[in-house]
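# Quick one: sequence and predicted model below, then my questions.
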Amino acid sequence: MKLKLYLLSWIFLLDPSYIFAQENPELTLDQLFEQLLEELDQDVDASEISERWSHYIKHPINLNTTDGDELQDLLFLSMLQIENLLAHRKESGDFISVQELQSIAGFDVRTVQNLLPFVTVSNTIHYRDFTLKNLVTKAEQEVMLRYGRLLHQAKGYQIRDTTRSRYLGDPNRYLIRYRFNYNNKIRLSINMDKDAGEPFFRDKQRYGFDFYSASLSIRDLGKVKQVVIGDFALQIGQGLTMWNGLSFGKGSMIESAARQGAGLRSYTSLNEANFLRGISGTIAIGRFELTPYISYRLIDGNVKVINDERAITTLAISGLHRTPTEQGYRKAIGQLVYGNNIMYSKNRLKIGGNFVATHLDGSKLLGKRPENKYDFEGNLLRNASVYYNYTFRNSYFFGELATSLDSGYAWLAGAITGISPHFSTVLLYRDYQKNYHSFFAQSMGETKGARNEKGLYTGLVYHPSRKVQWTTYVDIFKFPWLRYRVSEPSSGYDVLSQFSYIWYKRGHLSLRLRYRVKQENAESTNDAATGLAEVSKAQLRLEYRYKLSNVWSIRSRGEGTQYQKGLGDKQYGWMVYQDLFFSPDQSKMTTNLRIAYFHTDSYNTRIYAYENDVLYASSFPLYYQKGWRFYNNVRYRIGQGIDVWAKVSAFYYPGLASIGSGLDVIQGNLKSEIKLQLRFQF
């Protein structure tokens with residue numbers, strides 16, 4: 001213990017950067033969000049992630065008692081880093097300070113900086129006896145109300161002809177969110193959501209909100225580790241047969257190529273697709289864990305009656321029910337899902353198997369296009385898989401083999417290796433057959449669905465010093481069968497390289513280059529002898545973040561992109577923005593704002609950029625054409641347990657007479673939006 005204290009004291013003496021106060025946790029959340037979600041080229045509901053992080057900021061993970069599962073929940077730690085942390089604790093004893101993290105192999109400055117808001121070394125455990133009185137009076141509860149709308153009337157709201165496609169509701173969006181948490185043992189989650197354009201308390205929505213979701217989770221019932229009733233999610237293996245909720249693949253955090261299956265959890269997201277509704281539980285029997293599950297819910301799609309039989313032509317996953325067509329798709333198909341997951345654990349080895357059957361109350365028909373030849377058809381799909389992960393010294397091995405019974409198979413295998421304290425690598429190979437099918441697959445790959453793809457992904461992270469990091473990956477892939485807009489087997493590759501320099505607790509400078517090549521149908525037969533043309537897209541990004549003081553921070557970014565298809569002309573796009581953050585300690589108010597300018601030649605050179613938003617919301621707006629972007633977020637603490645957020649944002653396109661297309665067309669050159677949010681904690 002004395003030796004440990006002695007070494008720890010030298011850490012502080014030799015690295016004065018640790019004297020800086022810990023960053024505002026909200027800024028850390030925003031930065032982590034962008035790193036994880038940067039490859040999602042659309043607005044997604046990431047509240048399941050932000051809610052989890054907010055929970056661990058309020059209830060930090062105890063480094064001296066965790067078994068690693070909670071650290072997996074954070075998503076930005078690799079399994080090799082988690083195993084190194086647990087091994088360090090076993091060899092050196094309990095942590096004395098969270099600053100010990102920097103002495104663990106694989107924990108660079110950026111990782112430690114990200115992790116600090118979520119962990120503690122406290123030995124105090126605040127568990128209360130379970131009584132009805134404590135359940136009522138000592139539980140943590142939260143109610144959140146959110147309102148948002150576009151401040152302009154889109155075309156879809158102005159159409160009065162009932163024979164035409166139009167928006168049936170108003171442009172307002174409403175959200176009500178309730179959370180109940182007792183000792184982290186009993187949790188209740190309720191969501192109610194209405195999207196812009198959807199009816200509200202009228203027509204087919206006479207019960208109000210378009211989407212209702214609820215889940216009750218109970219933990220630690222003897223051998224029953226957890227039971228979830230209502231909406232739940234399963235994240236199993238590497239995602240070849242069952243993965244609900246968000247998943248992350250290629251990006252600057254290359255270790256995320258290896259999925260970290262969390263097993264059973266409550267589903268708390270606002271995404272209206274890819275979740276289960278019913279009951280599931282995890283039972284521990286020795287070294288085995290069994291997770292049986294059953295679900296039934298109505299999903300969206302287009303159903304026709306052919307020869308007195310229900311035939312499904314389309315499965316819809318947008319969750320939007322604004323127009324008569326979308327309303328006709330709403331809850332049109334019954335989906336029954338049941339299965340069981342079995343996992344065996346011993347030391348650093350985990351081996352599991354999963355079986356899942358999915359029944360539809362109609363027969364799914366093949367599409368009429370040539371690329372649809374090997375799509376799923378019928379009303380019953382059965383999947384089975386085996387998966388593993390194993391940590392041996394400084395290497396983490398993982399993989400999964402899956403089959404859709406009576407059809408194809410898919411498999412992947414990979415390894416993360418810490419070659420030295422400064423150098424680590426990732427290697428992953430995948431082979432998904434064109435006739436493999438799974439309704440819930442979200443594995444690593446260039447495309448969604450884990451089918452019709454083979455690829456080799458290699459990545460590395462190099463730390464020549466504690467403040468310098470170089471990250472790069474190369475992903476080479478091919479598609480053995482046809483795809484949309486690709487009438488022949490095709491191939492491509494994706495390369496990313498990023499250099500980062502970090503001032504601990506002060507700043508971060510990064511330079512990124514990404515180059516992607518795919519093949520699409522050529523616009524003319526002269527473009528390529530095979531009838532395919534290479535489509536290339538290059539992106540260059542420079543970003544600078546700096547903490548000016550304990551109150552002010554800035555973030556600056558410049559990004560450019562180049563697109564070319566075959567022998568066609570090159571197209572360009574670029575964007576610059578400046579962010580300013582005001583976050584004084586112990587202040588009732590925090591705020592941040594952005595001003596951006598962008599200019600793109602076409603939709604092919606569009607740019608997506610993460611935006612700060614109200615709590616539990618995320619935004620990735622599309623920068624396209626030529627114009628300006630502005631937004632301002634404000635948070636104000638009204639009183640104990642009462643907070644309010646407001647966001648105002650706008651796009652300004654000089655010279656345009658209208659913005660958008662189809663039902664979303666807005667007259668004029670200004671598109672602005674507001675969000676208001678109120679939270680009560682008690």
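Right, received. Where do you want to start? Residues are numbered from 1 along each chain as shown.

# Show residues contacting stretch 536-552.
Outside stretch 536-552, the residues that touch it by CB atoms under 8 Å, 6 or more residues apart in numbering are 21, 23, 31, 503, 505-517, 553-564, 580-585, 604. C-beta coordinates here come from the backbone N, C-alpha and C atoms, glycine included.

# Show only the entries of the residues you listed found in strands.
Assigned to strands by DSSP state E, the following of the contacts of stretch 536-552 qualify: 503, 507-517, 553-564, 580-582.

# Of those residues, select the buried ones using a ChimeraX command.
Per 16 or more other CB atoms under 10 Å, the buried members of these correspond to this ChimeraX selection:
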select :507,508,510,512,514,515,516,553,555,557,559,560,561,562,563,564,580,581
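
# where along the stretch 501-650 of the chain do the strands fall?
507-521, 532-547, 552-565, 571-582, 589-600, 607-608, 622-623, 626-639, 642-652 (DSSP state E, counting those that start in this stretch).

# looking only at pLDDT, what's the mean for the fifth one?
So that's strand 589-600. The pLDDT scores in strand 589-600 average 97.

# mind checking which of the strands of the stretch 501-650 of the chain is nearest residue 323?
Using CB to CB as the measure, strand 622-623 is the one of the strands of the stretch 501-650 of the chain that comes nearest residue 323, at 21.3 Å.

# Relative to residue 191, which of the strands of the stretch 501-650 of the chain is closest?
Shortest distance between residue 191 and the strands of the stretch 501-650 of the chain, using CB to CB, is found for strand 642-652: 17.6 Å.

# neighbouring strands for that closest one, and are they parallel or not?
strand 626-639 (antiparallel), strand 670-681 (antiparallel) (DSSP bridges).

# Using a markdown table, please lay out these together with mean neighbour count.
Supplementary listing: those in a markdown table, determined by neighbours: other CB atoms under 10 Å:
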| stretch | mean neighbour count |
| --- | --- |
| strand 626-639 | 17 |
| strand 670-681 | 17 |
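
# got a markdown table for those strands, with distance to residue 66 too?
Shown next, in a markdown table, are these (distance: least, CB to CB, whole Å):
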| stretch | distance to residue 66 |
| --- | --- |
| strand 626-639 | 30 |
| strand 670-681 | 25 |
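
# Let me have the ones you listed in a markdown table, adding mean pLDDT and distance to residue 186 as columns.
Below are the strands paired with strand 642-652 laid out as a markdown table (pLDDT from 0 to 100; distance: least, CB to CB, whole Å):
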| stretch | mean pLDDT | distance to residue 186 |
| --- | --- | --- |
| strand 626-639 | 97 | 27 |
| strand 670-681 | 97 | 17 |
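
# contacting residues around residue 632?
Applying CB under 8 Å, 6+ apart, we find residue 632 in contact with 591-594, 647-649.

# Closest to residue 206 out of those?
Looking across these and measuring by CB to CB, the closest to residue 206 is residue 647, at 31.1 Å.

# Show me where the protein has its helices.
Taking DSSP state H as the criterion, the chain contains helices spanning 2-14, 25-37, 47-58, 69-73, 79-92, 109-115, 132-137, 324-329.

# So for the fourth one, what gets flagged as buried?
Of all the residues in helix 69-73, those buried under the rule 16+ other CB under 10 Å are 70-73.

# Pull the distance from that helix to the chain's centre.
Taking CA atoms, centre = their mean, to the nearest Å, one finds helix 69-73 lying 16 Å from the centre of the chain it belongs to.

# Residue 159 touches residue 197, doesn't it?
No. Counting by CB atoms under 8 Å, residue 159 sits too far from residue 197 to count as a contact (11.7 Å).

# Residues that sit against both of the two, list them.
Shared contacts of residue 159 and residue 197 (CB under 8 Å, 6+ apart): residue 167.

# Have a look at these two and say which one is more surrounded.
Neighbour count, other CB atoms under 10 Å: between residue 159 and residue 197, residue 197 has more, with 25 against 13.

# Could you report the separation of the more buried one from residue 213?
To residue 213, residue 197 is 20 Å away according to CB to CB, to the nearest Å.
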